[in-house]
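A.B. asks: Need coordinates for the following:
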Amino acid sequence: MTPTRRDFLERLAAGTAAAAGLTSLSPDDLAAISSVQETWDTSWTGRIRGRHKAVFDATEIEDGAGVLRVMIWRMQYGQVLAVAPDDMAAVLVIRHNAIPLAMTQEFWDRYRIGETKGVKHPMTEQPTAKNPALLSSDTGDLPSQFASLNLPGILAAGGIVLACNLAFSQCVGTVAKEDKLEPAAARKRALEMLHPGVILQPSGVFASILAQEHGCRYLKAS
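C.D. replies: Numbering: from 1, shown residues only. Model prediction:
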């Protein structure tokens, strides 16, 4: 018997649920948690311009290293090769275990992400409750010379930040479990805590390959 699209999505959701400790949910609930939108915003491909184009594939939290590497690349190309900012295009894909980096600090605080994931501050290497992708020099979390080495810095520089919908279901599952919400309500709440400017894609694999098809060189960032 040929597997249906729904069967396939339910198997993907079940794998995600196992990773998130949500194996008690029904198949219908699992499918709802990883629900697929009918349409997706791929207009970001039109912003991939310039001679130097790169896609950074972040799959692990790794204390925010994948995010830092995007801006380090931009800084060093500017300093060493005198490349103008407008001649560089950076695409960051946040997927797999790195997906909490795409979420707001509210999400991290509410669901104790720093504690449960064992996250450390990238500068002090001490345990932190903060999303390392959102650390700021304004709060003293980053030295002033590194002020742009964060998610807001990437977005402000015209970078493109994409998040994997399949991995995002982990966040939805966390909300459903902790807040005792039905899957649809949990997804709605999780979407409200997706960091502004981050664009959800069908999957991180989809986003990474599409960026490469539009001229980006690939880097495994974390």
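A.B. asks: Span of stretch 189-196 from start to end?
C.D. replies: This stretch, stretch 189-196, spans 14 Å end to end (CA to CA, to the nearest Å).
A.B. asks: What mean pLDDT does that stretch get?
C.D. replies: Stretch 189-196 comes out with an average pLDDT of 98.
A.B. asks: Stretch 87-107 too?
C.D. replies: Stretch 87-107 comes out at a mean pLDDT of 98.
A.B. asks: Next one: the residue positioned nearest the centre of the chain from K188, what distance?
C.D. replies: In the chain, the residue lying closest to the centroid (CA atoms, centre = their mean) is I94, at 3.0 Å. To K188, I94 is 20 Å away according to CB to CB, to the nearest Å. (Each C-beta comes from the backbone N, C-alpha and C, glycine too.)
A.B. asks: Give me the residue ranges of the protein where confidence is low.
C.D. replies: 1-38 (pLDDT under 70).
A.B. asks: what about the residue nearest to F168 when sequence neighbours are not counted, how many neighbours?
C.D. replies: With CB to CB, 6 or more residues apart in numbering as the criterion, F168 has its nearest non-adjacent residue at 5.9 Å, and that residue is I99. Using other CB atoms under 10 Å, I99 has 23 other residues around it.
A.B. asks: now swap in G204 and tell me
C.D. replies: Using other CB under 10 Å as the criterion, the residues surrounding G204 number 24.
A.B. asks: Could you find the closest non-adjacent residue to it?
C.D. replies: R95 (2.5 Å).
A.B. asks: In the strand or helix carrying A207, which residues are buried?
C.D. replies: Per DSSP states H and E: A207 is located in helix 204-213. Across helix 204-213, burial judged by 16 or more other CB atoms under 10 Å covers G204, F206, A207, S208, L210, A211, Q212.
A.B. asks: Fine by me, thanks again.
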